[in-house]
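Engineer: Provided below are the primary sequence and the corresponding predicted coordinates.
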Amino acid sequence: MHKESDIRIPLILGDKSYRDITDDIIRPIEGKAPKGWYILITIFAIFGLWGIGCIVYLLGVGIGSWGLNKTVEWAWDITNFVWWVGIGHAGTLISAVLLLFRQKWRMAINRAAEAMTIFAVMMAGLFPLIHMGRLWVGYWVFPLPNQFGSLWVNFNSPLLWDVFAISTYFSVGLVFWYIGLIPDFATIRDRVTSPVAKRAYTVLSFGWSGNAKAWNRFEMVSLVLAGLATPLVFSVHSIVSFDFATSIIPGWHTTIFPPYFVAGAVFSGFAMVQTLMLILRKAFGLEAYLHVKHIEYMNIVIMTTGSIVGVAYITELFISWYSGVEYEAYAFWNRATGPYWWAYASMMTCNVLSPQFFWFKKLRTSLTFTFVLAIVVNTGMWFERFVIIVTSIHRDYLPSAWSYFHPTWVDIGVYIGTMGLFGVLYLLFARYFPVMPIAELKTILKSSGQNFKEGFGNGAGYYDEHGHGHAIISPEAAALLSTDKVSVKAEEENSKEMTSEEILATKNSLLERLGSATAEDKDNLKLISGVGVVLEGKLNEMGIFTFSQVSKMVIEDYNMLDSLTKSFPGRAERDDWAAQALKLMNDNNI
């Protein structure tokens, strides 16, 4: 087992066991939805239906129902498109990049961040489809045989690159998200009692058995997908930036856009993760798994990427002056002092100044301040896209063509509609899917769980005294820490080589507690999730043949088993073999 430094604040607070993790995360799924959930999903559904109505009206009347004019040909639609893609950026970063770097704190947020990514990219994809105007002839973009000759899309256009980049991003993100859900779906499948729910989660879990081979393949596929997804973190928003950077319009024609857009996307994505997770944390009572340390880590990322974005803004201003191109210089001067000065001021305030408050530990560890600032950041990032797009084209080379963009009710309605649809999808996810990865959290319990740490290496009572600002510790957990009933040292003792006499004594002690059995009484122990052919053989060698014996196991027996088998320490307790064996006995009338 990986040994974590005692001075690190635990990632799982309180006196939590493997069973507690399962119960806490699945409780919202097994229980009845609260009244607030129905109220929220109704409100978001109304917004979503309003947006769909606006889209239908738009398709019927035409793009002219937007506030576009002969000068401002791109406005709210592309602004919203880039904003939604940016929000979807954090999910892949958290899931893929932090997985490759073995950052354990990501486990509290990766599932919800991945769901946010999927839903945000779906909302982003609506805007290019709408902008096509005549969706019913959308098949013209495919190189299909027709009476007009060969029709081919322009592969030199970054708008087409967008299609490939975002569709790839969506596909990989969806597969990554779903594969992580499979073991948790199997856990829910084994717990629910409703026939409809059991059948649904049986289908969703793809026959997951939880044996050693399944877990091995799960780990392998996760790493492969993480490796594939990591380049997407940098490529997707770089390609989105090419929509503007490859043009010759002053204010757009700049090589700084790719890294600048990527940093901005991570910036806005983490801010949205903060907003959503702080709500879920409170609503579902998950304070033990998502606490101040996680929030502080994410705020450090927001502070860093916000500073990078600020440097990019300043670099743009400097280069516009240093280039000596008067049109380029005017484009940036017009942003700050022209008719849209208010949008530029909002962008600079929200994106450059506000993240700097996170330099102060007291503020970056304040949940209320974090929630407010996360909303401020995403507001600022919307204004950034609006400033880049609209202020760069509303005044071109001819003053007679200068114009001002006014959004119509259709512009606003479509945007609000995407917010509503996103809210509906996210609420459904939170209601029927586990919002945190159950299996992954269990893997860090013994290394990062509070009740497995020894007062941060400072002796019993240290956590109570210092608290690190936001401790969630029960009297039972304090007693556990002080008496050291279950400690990392005990597990290290188990990992030492045992003499043949010690092995024999441990086997006899284990069989005295579980009872004796012979090969003639043998049950198929491979039916227990986590037991494969090899592990079943080791159990049989010890004299464990039946479900009845396994059903009597308690924590002490699990520890003795780990010391004897040396295989997957902690698995028997994590998968609750005793409960599984008891269920199999009941199912088979044993």
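Structural biologist: Great, that's in hand. Everything numeric in this text was worked out from a predicted model, so none of it was measured. Numbering: from 1, shown residues only.
Engineer: Tell me if I'm right that residue 350 and residue 374 touch.
Structural biologist: No - applying Cβ atoms under 8 Å as the test, residue 350 and residue 374 come out as separate, 10.9 Å apart. Any C-beta I mention is one placed from the backbone N, CA and C, and that applies to glycine too.
Engineer: Now do the buried residues in stretch 421-431.
Structural biologist: 421, 422, 423, 424, 425, 426, 427, 429, 430 (16 or more other Cβ atoms under 10 Å).
Engineer: if we look at it, which residues are touching it?
Structural biologist: 28-29, 33, 37, 40-41, 43-45, 47-48, 51, 112, 115-116, 119-120, 122-123, 276, 280, 283-284, 435 (Cβ atoms under 8 Å, 6 or more residues apart in numbering).
Engineer: and if you look at stretch 56-69?
Structural biologist: The contact list for stretch 56-69 (Cβ under 8 Å, 6+ apart) reads 74-77, 130-131, 133, 135, 403, 405-408, 410-411, 414.
Engineer: farthest-separated two in those residues?
Structural biologist: 135 and 403 (27.6 Å; Cβ to Cβ).
Engineer: which one of those two has more residues nearby?
Structural biologist: Neighbours per residue (other Cβ atoms under 10 Å) separate residue 135 from residue 403, with residue 403 holding more: 15 against 11.
Engineer: Am I right that that one sits in a strand?
Structural biologist: No - under DSSP: H, G, I helix; E, B strand; the rest coil, residue 403 falls outside any strand and is assigned coil.
Engineer: close enough to count as contact, it and residue 72?
Structural biologist: Yes - using Cβ under 8 Å, residue 403 is in contact with residue 72, at 5.7 Å.
Engineer: Tell me which residues touch the spatially most central residue of the chain, please.
Structural biologist: In the chain, the residue lying closest to the centroid (Cα atoms, centre = their mean) is residue 113, at 2.0 Å. Residue 113 is in contact with 90, 91, 94, 95, 269, 273, 277, counting by Cβ under 8 Å, 6+ apart.
Engineer: Which member of those is positioned nearest residue 585?
Structural biologist: Among these, and counting by Cβ to Cβ, the member closest to residue 585 is residue 95, at 38.9 Å.
Engineer: Apart from its neighbours in sequence, what residue is nearest residue 158?
Structural biologist: Computed as Cβ to Cβ, 6 or more residues apart in numbering, the closest residue to residue 158 that is not its neighbour in sequence is residue 242, at 3.8 Å.
Engineer: got a pLDDT number for that neighbour?
Structural biologist: Looking at residue 242, its pLDDT is 91.
Engineer: Hmm, it is touching residue 160, no?
Structural biologist: No - taking contacts as Cβ under 8 Å, residue 242 lies outside contact range of residue 160: 10.6 Å.
Engineer: ok, the two, which is more surrounded?
Structural biologist: In this view residue 242 and residue 160 are compared by other Cβ under 10 Å, and residue 242 has more residues nearby, 19 against 14.
Engineer: Now do the contacts for the more buried one.
Structural biologist: 158, 161, 257, 258.
Engineer: If you go by neighbour count, which of these are buried?
Structural biologist: Using 16+ other Cβ under 10 Å, the buried ones in the contacts of residue 242 are 158, 161, 257, 258.
Engineer: From residue 57, how far out is the second one?
Structural biologist: Going back to what we said before, that points to residue 161. Using Cβ to Cβ, to the nearest Å, residue 161 is found at 31 Å from residue 57.
Engineer: Equivalent analysis for residue 268, please.
Structural biologist: For residue 268, the distance to residue 57 - Cβ to Cβ - is 29 Å.
Engineer: For those two, indicate the residue with more neighbours.
Structural biologist: A direct count of neighbours by other Cβ under 10 Å for residue 268 and residue 57 places residue 268 higher, at 34 against 15.
Engineer: measure that one to residue 213 for me?
Structural biologist: 41 Å.
Engineer: Same question for residue 530.
Structural biologist: 11 Å.
Engineer: Residue 225 now?
Structural biologist: Residue 225 is 19 Å from residue 213, by Cβ to Cβ.
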